[in-house]
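Trainee: Take this sequence and fold it.
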Amino acid sequence: MILRVSDGPSAGRWRVNVNPVPDTTTDPLTGLTSAEVADRVARGLTNAVPDAPTRTVGQIIRGNVLTPINFVVGTLAAMVIAAGSPKDALFGGVIIANSVIGVVQELRAKSVLDQLSVVSAPKAQAVRNGVLTELRVHELVLDDVVELRGGAQVVADGTVLTSENMEIDESLLTGEADPVVKNAGDPVLSGSAVVAGTGRMVVTKVGAENYAVKLAEEARRFTLVNSPLRNDVNRIVTWVGYLIIPVGVLLATSQFFRRDEGWQESIISTVAGLVGMVPEGLVLLTSVAFAVGVVRLAKQRCLVQELPAIEVLARVDVLCADKTGTITEGSMEVAGIQPIEPADHSEVDAALAALAQLDPDPNATSRALDHHFDEPTTWKITGRVPFSSARKWSGMSFARHGNWVLGAPENVLTTDYTGVLREQVEHQAAMGRRVLVLAETNVAFADGQEVALPAVQPKALVLLEDVVRHDAKATLDYFAAQGVTVKVISGDNNVTVGAVAKRAGLAKWADNINATTMPEEGTEEFVDAVENGTVFGRVTPHQKRAMVKALQSRGHTVAMTGDGVNDVLALKDADCGVAMASGSEATRGVAQLVLMDSNFSAMPAVVSEGRRVINNIERVASLFLAKTSYSVILSILTGVFALAYPLRPIHLSILSWFTIGVPAFFLALEPNDQRVNEGFLRRVLGKAVPAGMVIAAATMAVFAIAQLDEKIDPDHARTVAVLVAGSVALMNLYRVARPLNPLRATLVITMIGLFALAFILPWGRDLFELPITEAWAYGLAAALIAIAWPLLQLGSRVAEWHHRR
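Mentor: Okay, here's the model as predicted:
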């Protein structure tokens, strides 16, 4: 038994204890006494389980605030403030924005998921002191007697004490769709549910010893989904981090020792070079783009538990979907009723309606028939034999309407199950349908009596099939059109799963495989079978996990959808796990996406949001990295040749706002559902580095040439340096925004206007330290700007040529 230590130095931890033997002789009518409950609570034999694998509020705040990029930017801002120029530290505001967005989004996701867990948490009806009492799951103790009724979830492992035709659905644990009849002495597992009948059980395992908890134990750990986009951004930040220290030392020594400037001016010049190298806006914009995507998906009832999950799903090329709850609704429907001559069609319909509507413990078959026949029956029941898995049939007797039997053909028909009738049954079964036979007998049934099946006369075949979601076909067609391979993985019969896949419109549905016949896990033959197969049945939870790993070993990006405990391990190991809110709490805890309405058709919207994020971030990333490129080049030139740095930190603020930050924000939120291509970093650097080289060369040239005039000091020369750097950067913005639409054209023109106002308006010149200089210097700036445009175009063509190679 695993127990939580409540006090002492090990408080809150789990320890292994000898598992006490449960008392399966507990009286089902009286249950435990108050004293017996108190004794078990004192011994720690309660049904408490480890906390769900979500981060605490403190961990969320630390994870979003204490980041390398925030540390670098914060340090640089503090240095500028210490040097006596707080205005030059405006760039530090990105720390607050970046942290707030990440914290708010993750806290929001945690809040919604916690509320969902509370709402969906099952309750238990326990018998204590002879009274039926409703308890929360963690209040149960070992040897508690729990009453089970239709629709109730089994909240702990136990043994059945009494059963009245009780059937348990274990599909969330095993994937097997058929309910299992439970009799006294049979075991029941946590995570299963009662679908018919009633009974009482005694709790034999509590807490972490329960089957469902053990199955989910491997997944009870918070992990971040792998995000190529985030990895590329982090890689860029890492490279910049390696550059900052040597470049910073070079800049500081050249300004302080070789140029003999004061320590304050040396710090400001050094920070100007270093802060331009940090692509802090790219990190912020990535967070904003993800956060906006999360809000948009929330409106479609899709909970994103990790920001990069929508990006990963956009890159997915294999989607592994569970049948139940994903493609189907998890219920049955009547596919057809075929009377057997010379049976009367109306009499057959009336008998089936009565059998369904008068059943006191309806199962999935009864509910499907009840839904099929709208008109209430007028028949009166006189006797009944309930369904059981052993006999696989049920019977009812009716006043003035005879005696009827409904069940599996091979069990109901003993002498007539041959020839054409058998062929019909086998044909329908091969199509994935569940086939039952309706028959009539002359022997009356009595309540509470176990009787052998009397001689019967077949009257009709009843065909049942899984209810396929109305939007499943459109969703599968969407993924097929986008080049995403869909594989259906289920614990149900592979023929049945293949038939469901066919009705849902999945290609290669006939290629269904019984997983029990597959090669050994981990072998190349197993990987080949998974790669080539489309529909898999009789799959165990560990096989699902092995299938995900097999596909990943072949270079696929794999998403997994599921709703049951049997899906937990595969959901956790998939590149992106998608859970249905109607499923088990364990699946919701490990998935990166939760479909709140359990609606598979929400998946295309998630893919579209991910594509918008990736494609638009790629569009604007070259703007940020162009700034990084020209800042690195300017810093190296300044440090090596002991020159004055051509820009101040406040100048980098105006350059960042009008040529990068503001336009990038709008460009990143535009619709864009183009398919995602690999090579993000290579393409972005191919555009950014040439642009950065042109901007750096033009800026340094105008700064150096302007100072040849004795009337122009470094502060006045910086005016034209900012003008050139900003103008060429705006050209780069125009190049990135093409082809122009009304929004992009308005955006580019607005940025040009705002940048110009900083030079025209007196308060703009004062705020951004742009004093008016000699007229010829402005002419020189215009000439260099004109030369820069063809150089930018040349750089683009060279990058495109290199990419095609």
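Trainee: measure the closest residue to residue 457 other than its chain neighbours to residue 99 for me?
Mentor: Nearest in space to residue 457, with sequence neighbours left out and distances taken as C-beta to C-beta, 6 or more residues apart in numbering, is residue 440 at 5.2 Å. Using the backbone N, CA and C atoms, a C-beta is placed for each residue, glycine as well. The gap separating residue 440 from residue 99 is 74 Å, by C-beta to C-beta, to the nearest Å.
Trainee: hmm, back to that, would the residue nearest to residue 457 count as being in a helix?
Mentor: No - assigned with DSSP: H, G, I helix; E, B strand; the rest coil, residue 440 falls outside any helix and is strand.
Trainee: give me the beta-bridge partners of it?
Mentor: residue 404, residue 457 (DSSP bridges).
Trainee: Tell me the spacing between residue 82 and residue 76.
Mentor: Distance, residue 82 to residue 76, by C-beta to C-beta: 11 Å.
Trainee: Spit out the contact partners of the most centrally placed residue in the chain.
Mentor: By C-alpha atoms, centre = their mean, the mean C-alpha position of the chain lies nearest to residue 593, the distance being 2.3 Å. Residues in contact with residue 593, defined by C-beta atoms under 8 Å, 6 or more residues apart in numbering, are 302-305, 309-310, 313, 576-579, 606.
Trainee: out of the residues you listed, who's nearest residue 779?
Mentor: residue 310 (50.0 Å; C-beta to C-beta).
Trainee: how would you label that closest one: helix, strand or coil?
Mentor: helix.
Trainee: Do you know the pLDDT at it?
Mentor: Residue 310 is assigned 78 on the pLDDT scale.
Trainee: Excluding sequence neighbours, find me the nearest residue to it.
Mentor: In space, residue 310 is closest to residue 610, 4.2 Å off (C-beta to C-beta, 6+ apart).
Trainee: pretty sure residue 61 is touching residue 103, no?
Mentor: Yes - assessed by C-beta atoms under 8 Å, residue 61 is found in contact with residue 103 at 5.6 Å.
Trainee: Determine the longest helix present in this protein.
Mentor: Longest helix in the chain by number of residues (criterion: DSSP state H): helix 603-641.
Trainee: Heading C-terminal from that helix, find the next helix or strand.
Mentor: helix 649-656 (DSSP states H and E).
Trainee: Could you list every helix and strand in contact with that next one?
Mentor: helix 263-277, helix 603-641, helix 714-737 (3 or more C-beta pairs under 8 Å, 6 or more residues apart in numbering; DSSP states H and E).
Trainee: That helix to helix 714-737, inter-axis angle?
Mentor: Helix 649-656 and helix 714-737 are oriented at 20 degrees to each other (axes from the mean of the first three to the mean of the last three C-alpha atoms, to 10 degrees).
Trainee: Average pLDDT for helix 649-656, rounded please.
Mentor: On average, helix 649-656 scores 84.
Trainee: Any idea how far apart the tips of stretch 530-542 sit?
Mentor: Between the opening and closing residues of stretch 530-542 there is a gap of 14 Å (C-alpha to C-alpha, to the nearest Å).
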